[in-house]
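S.K.: would you be able to build a 3D model of this:
(one chain, ligands or ions: 1)
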Amino acid sequence: MSKLRATITGVGGYVPDYRLSNDELSQMVETSDEWIMTRIGIKERRILKEKGRGSSDLGVGAVRQLLEKTNTHPDEIDLVICPTVTPDMQFPATANIISDKVGIKNAFSFDLNAGCSGFLYAMSTASKFIVSGQYKKVVVVGAEKMSSIVDYQDRATCPIFGDGAGALLMEPTGEDYGLMDEKLQVDGSGRKHLHQKAGGSVKPATHETVDAREHYIYQEGQQVFKAAVARMADVSVEIMERNNIAPDELNWLVPHQANMRIIEATARRMGIKKEQVMINIQRYGNTTAATLPLCLWEWEEKLNKGDNLIFATFGAGFTWGSIYVKWGYDGKNNTP
Ligand code: UT7
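M.R.: Take a look at the predicted model:
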């Protein structure tokens, strides 16, 4: 028998109804559909408009669907991990709020902040809990209301981000499926290029920080772009090579959806075709910790047991990484 691994056994997703189009954005800032499509590749993004609702409400939609699809009772869940940069509140954790709202009572839960690499870090963390043998059913739910920290007066950042949530169920298996290999990295010095200036312990909220618009995303786009292209590609190629996966043996690249040009550059370096890449950036934009599970949510029906998937991300931190997954079930049956 091979060693215990953590495998994905179900996928759920949720996006709010409201579609913010490039044309509507063009009425808010000086931009155009043509610029956004050429430089970023996003047509529209979903926005959670209702007042008083936050990332947990998006996460609840994804987790409810996940539990339903996998015939899982909330009491069976052992652990919930929520990667997010837009928690409902500074504390308590959004994972706790999601657990409460969906009726998960026999679990422990926590948030994880690794920017756009949050979902990969959380998958890796979940897998360690499972491989320990102590926990059997772990929910990883990336949930982001990015519109709560986007400055809709800043044309360099407001076209990029959208709201959404995606969730995976992860369980142990003795078979050779699931998380096979990973490489996760961080370079904290990259924080100067991508961060939120105020609202933390260094610079708590004041009238001045609000007036200076310091509670929004601050991004030096070109610096982030350059680092993302180099590092996402490097780490994905390394994972491919050390697992002896030839380009035509890779079924799917599941990349973070930040910029179409970054996705294309990564695919080029890996020597794979565009048809091997999950891309939904046109519809949802960059949903930070929710991009990877939202890809799986849309592609689940096309996934077959034994497929080779490489996940790749780059984001605030800087954080980046890649995980190799051997897919564990035929997606068209929707249940493992
Ligand atoms: O997920 C987290 C990680 N984030 C990322 O991976 C994002 C990485 N960065 C990017 O995707 C790109 O850098 C951006 C999409 C943010 C910007 O694209 P760019 O091609 O790097 O543009 P730029 O910042 O070099 O700006 C080029 C020009 C500037 O005008 P000038 O100075 O040449 O006259 C900008 O002011 O484009 C202008 N510009 C715009 N024009 C129309 C910037 N934003 C816009 C806009 N519409 N929305």
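S.K.: next helix or strand past the helix or strand hosting G10?
M.R.: Here G10 is covered by strand 5-14, with elements defined by DSSP states H and E. Using DSSP H and E, the helix or strand that follows strand 5-14 in sequence is strand 18-21.
S.K.: what's the strand holding G10 packed up against?
M.R.: helix 55-69, helix 118-131, strand 163-173, strand 178-186, helix 291-299 (3 or more CB pairs under 8 Å, 6 or more residues apart in numbering; DSSP states H and E). Yep, even glycine has a C-beta here, placed from its N, CA and C like the rest.
S.K.: just name the most buried of these.
M.R.: Mean neighbours per residue, mean count of other CB atoms under 10 Å, is largest over those for strand 163-173, with a mean of 28.
S.K.: quick check: closest non-adjacent residue to G178.
M.R.: T7 (3.1 Å; CB to CB, 6 or more residues apart in numbering).
S.K.: next up, the contacts around the one you found.
M.R.: M170, E171, P172, T173, E175, Y177, G178, L179, G328 (CB atoms under 8 Å, 6 or more residues apart in numbering).
S.K.: go on, V254?
M.R.: With the criterion set at CB under 8 Å, 6+ apart, V254 makes contact with M278, L292, C295, L296, L309, I310, F311, A312.
S.K.: what's the neighbour count on whatever residue of the chain ends up closest to the ligand?
M.R.: Here the residue of the chain nearest the ligand is G221; by CB to the nearest ligand atom that distance is 2.8 Å. When neighbours are defined as other CB atoms under 10 Å, G221 has 15 of them.
S.K.: the closest residue in space to it that isn't next to it in sequence and Y216, how far apart?
M.R.: In space, and not counting its chain neighbours, G221 is closest to A156: 5.6 Å by CB to CB, 6+ apart. A156 is 11 Å from Y216, where distance means CB to CB, to the nearest Å.
S.K.: so the closest residue to A290 other than its chain neighbours bridges to which residues?
M.R.: The shortest distance from A290 to any non-neighbouring residue, by CB to CB, 6+ apart, is to G142 (4.1 Å). Beta-bridge partners recorded for G142 (DSSP bridges): G166.
S.K.: what mean pLDDT would you report for stretch 76-90?
M.R.: For stretch 76-90, the mean pLDDT works out to 98.
S.K.: select the longest helix from this structure.
M.R.: helix 221-242 (DSSP state H).
S.K.: what's the next secondary structure element after that one?
M.R.: Taking DSSP H and E, what comes next after helix 221-242 is strand 252-255.
S.K.: quickly check: that next one near the ligand or not.
M.R.: No: contact of strand 252-255 with the ligand (CB under 6 Å from any ligand atom) is absent, the minimum separation being 10.8 Å.
S.K.: could you dump that strand to CSV, C-alpha only?
M.R.: In CSV, the C-alpha atoms belonging to strand 252-255 read as follows (Å, rounded to 0.1, in the frame of the first residue of the first chain):
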residue,chain,number,x,y,z
TRP,A,252,-4.4,21.0,-16.9
LEU,A,253,-2.5,24.0,-15.6
VAL,A,254,-4.6,25.8,-13.0
PRO,A,255,-3.1,29.2,-12.8
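S.K.: which element is C158 on?
M.R.: C158 belongs to no helix or strand, assigned by DSSP H and E.
S.K.: sorry, wrong one. I was asking about P204.
M.R.: With DSSP H and E as criterion, P204 is part of no helix or strand.
S.K.: spit out the contact partners of it.
M.R.: With CB under 8 Å, 6+ apart, P204 has these contacts: A198.
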